[in-house]
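Undergrad: Based on what follows, work out the 3D shape:
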Amino acid sequence: MVSSLKLKALNIRESKIVHKSFTLHQLGRFVTEEAVCLMFQIGRTDIYTVECWRYVVYVHAKGISKFVSYADFPPIIGVQRPRQSDLIKWRRRWRKQHDYASKKQAPSWWAQFFTQEFLQVTSESELYSWGELVELIPYAFHEETLQELRQSYRQEKLLLCV
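TA: Presented below is the predicted three-dimensional model:
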């Protein structure tokens, strides 16, 4: 199997996330444009603005104008690690889902989010941090999904070591 190696580069762009409240929500640190893109299945260029209000996030994008909960956003690295109270908020939010089969798990797009983040890492330490984060919330995924995430992690680790 021949793979084409792409050089990973850091892409700096203007953020479309705007904080509209003086009081920041404790889950506000996890709001990202990448998560919004996966949540609504849109491209980054389709997002006009993501406004973080005191209790909700307002997403304004091409064909989309919705309020979403802070608990809909997955954890990320580079900010304070999830606390026990954050984990409780996520689980409470998942219980409100209409799909009975996944009432105790995160939305399916969370796995896509973490897989994308694994593919975008530029160092082994960054990949390790993402792996640690996923292992912090294993109950958020079905067993098959968790195995796929672990496989994706191992695959990316092998590519970084080469």
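
Undergrad: okay, CA-based contacts and neighbour counts for the rest of this
TA: Fine.

Undergrad: Helices along this structure, start to end?
TA: Taking DSSP state H as the test, the helices found in the chain are 33-40, 84-95, 109-120, 124-136, 143-161.

Undergrad: Give the buried residues for the third one.
TA: Meaning helix 109-120. Trp110, Ala111, Phe113, Phe114, Thr115, Glu117, Phe118, Leu119 (16 or more other C-alpha atoms under 10 Å).

Undergrad: Output those as JSON lines; include the columns distance to Pro82.
TA: Below are the buried residues of helix 109-120 laid out as JSON lines (distance: C-alpha to C-alpha, whole Å):
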{"residue": "Trp110", "distance to Pro82": "15"}
{"residue": "Ala111", "distance to Pro82": "17"}
{"residue": "Phe113", "distance to Pro82": "17"}
{"residue": "Phe114", "distance to Pro82": "15"}
{"residue": "Thr115", "distance to Pro82": "19"}
{"residue": "Glu117", "distance to Pro82": "17"}
{"residue": "Phe118", "distance to Pro82": "19"}
{"residue": "Leu119", "distance to Pro82": "22"}
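
Undergrad: circling back: dump the helices of the chain to JSON lines, plus mean pLDDT.
TA: Formatted as JSON lines, the helices of the chain follow (pLDDT from 0 to 100):
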{"stretch": "helix 33-40", "mean pLDDT": "95"}
{"stretch": "helix 84-95", "mean pLDDT": "92"}
{"stretch": "helix 109-120", "mean pLDDT": "94"}
{"stretch": "helix 124-136", "mean pLDDT": "94"}
{"stretch": "helix 143-161", "mean pLDDT": "92"}
